[in-house]
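Colleague: Pasting a predicted model and its sequence here:
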Amino acid sequence: MIKYLFRKPKYPILIETDFRVAGARNAQKIERLAGGSAFGKKESYTVIDATGEGWSFVPKYGVISPLTIDKRWNKLKIIEFFNASLARTGIVEKYEARSLSNKRMDRVVGEIVEFESKFLNRSGRRR
């Protein structure tokens, strides 16, 4: 069961795993990832919520905490973070946003989560 320190992030969120950045619309998705082998190489993982606030996930305790070094993320930095994680795994597809200045942060994060979800369903990769 995922616990929260102080308060909950605004879903959907992007969460770093040992393989790549994954999207989660709720805590159950994080629990499924934690139940597998998605976390184990690091003590804490980066989480970005729908408002662009940085969080950290500590799998040892199953806690998402707002205490992190990278507190504020901008839209471009989030997209680069997500696409870099895909590139590290050898995936050539990447999220490309148009008109970032016209989109709210929650929409950009939501689109990335949707892209990641559709990509997983198409490719059959479950990490």
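Modeller: Perfect, thanks for sending it. What you see is a predicted model; the values in this text were computed from it and never measured.
Colleague: can we go C-alpha only for contacts and neighbour counts from here?
Modeller: OK.
Colleague: Look at V109 and say how many residues are nearby.
Modeller: By the criterion of other CA atoms under 10 Å, V109 has 24 neighbours.
Colleague: That one: what's its closest spatial neighbour, skipping adjacent residues?
Modeller: Leaving out its chain neighbours, the residue that sits closest to V109 by CA to CA, 6 or more residues apart in numbering is A50, at 5.7 Å.
Colleague: Thought K10 was touching the one you found, still the case?
Modeller: Yes - with contact defined as CA atoms under 8 Å, A50 counts as touching K10 (5.4 Å).
Colleague: Compare neighbour counts for these two and give me the winner.
Modeller: Per other CA under 10 Å, whichever of A50 and K10 has more neighbours is A50, with 20 against 15.
Colleague: and the more buried one, backbone torsions?
Modeller: phi -70, psi -20 (degrees, to the nearest 10).
Colleague: can you pull the contacts of it?
Modeller: When contacts are counted by CA atoms under 8 Å, 6 or more residues apart in numbering, A50 touches 9-13, 105-107, 109-110.
Colleague: Separate out the buried members of the residues you listed.
Modeller: 9, 11-13, 105-106, 109-110 (16 or more other CA atoms under 10 Å).
Colleague: Let's see which of these end up in helices.
Modeller: The helices, defined by DSSP state H, take in 105-106, 109-110 from the buried ones among the contacts of A50.
Colleague: Near the closest residue to F81 other than its chain neighbours, how many other residues are there?
Modeller: Nearest residue to F81, sequence neighbours excluded (CA to CA, 6+ apart): V21, at 8.0 Å. By the criterion of other CA under 10 Å, V21 has 22 neighbours.
Colleague: Same question for V92.
Modeller: 9.
Colleague: While we're on it, how confident is the model there?
Modeller: The model reports V92 with a pLDDT of 83.
Colleague: Mind checking what secondary structure it has?
Modeller: At V92 the chain is in coil, as set by DSSP: H, G, I helix; E, B strand; the rest coil.
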